[in-house]
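Participant: sharing a sequence plus its predicted fold:
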Amino acid sequence: MDRPFTVDKLDHLVLRVRDLEKSIAFYEMFAARPPASTGTSNVPMALGPTTRVLLHHEPDYAPETERNNLQHFALQLGTTHDISDLLDYVRAHGAEPFDGPRDNGRGFVQFRVLDPDGTEIEIRVSQK
């Protein structure tokens, strides 16, 4: 049977976070700042015009390795700056790049960072 639909976009990811303020500060390096008060435990962080990361505040969350199926997610960034400027920016926001930076042979440089709860994020950078 043919698929009767197309996937238009990834709308959002929901990440459990123990320290909401620390996670908001981390994701602000990539995303638009959320409203001052959301009235909910899900704080949306806009990654571009159509994709969001929802930070779901669960202060007592303790991940069990067997039940975590997210290995990492990837963000594609464009820049006119040198990669060293981007690495300095990431470090200034409290994250330490690892696994790179390296040219992946497909037209961009990549490296990885961990968010405050240990979620691995692959950063792919294209020069504009």
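Facilitator: Ah, there it is.
Participant: any low-confidence regions in this structure?
Facilitator: 4-5, 7, 34-40, 64-69 (pLDDT under 70).
Participant: buried sites along the longest helix along the chain?
Facilitator: Secondary structure of the chain per DSSP state H: the longest helix is helix 83-92. Within helix 83-92, the residues that qualify as buried are 83, 86, 87, 90, counting by 16 or more other Cβ atoms under 10 Å. For the C-beta atoms, the positions are set from N, CA and C on the backbone; glycine is no exception.
Participant: all strands for this structure, in order.
Facilitator: Secondary structure of the chain (DSSP state E): strands located at 12-17, 42-47, 51-57, 73-79, 98-103, 109-114, 120-127.
Participant: which of those sits closest to residue 29?
Facilitator: Judged by Cβ to Cβ, the one of the strands of the chain that comes nearest to residue 29 is strand 109-114, at 9.1 Å.
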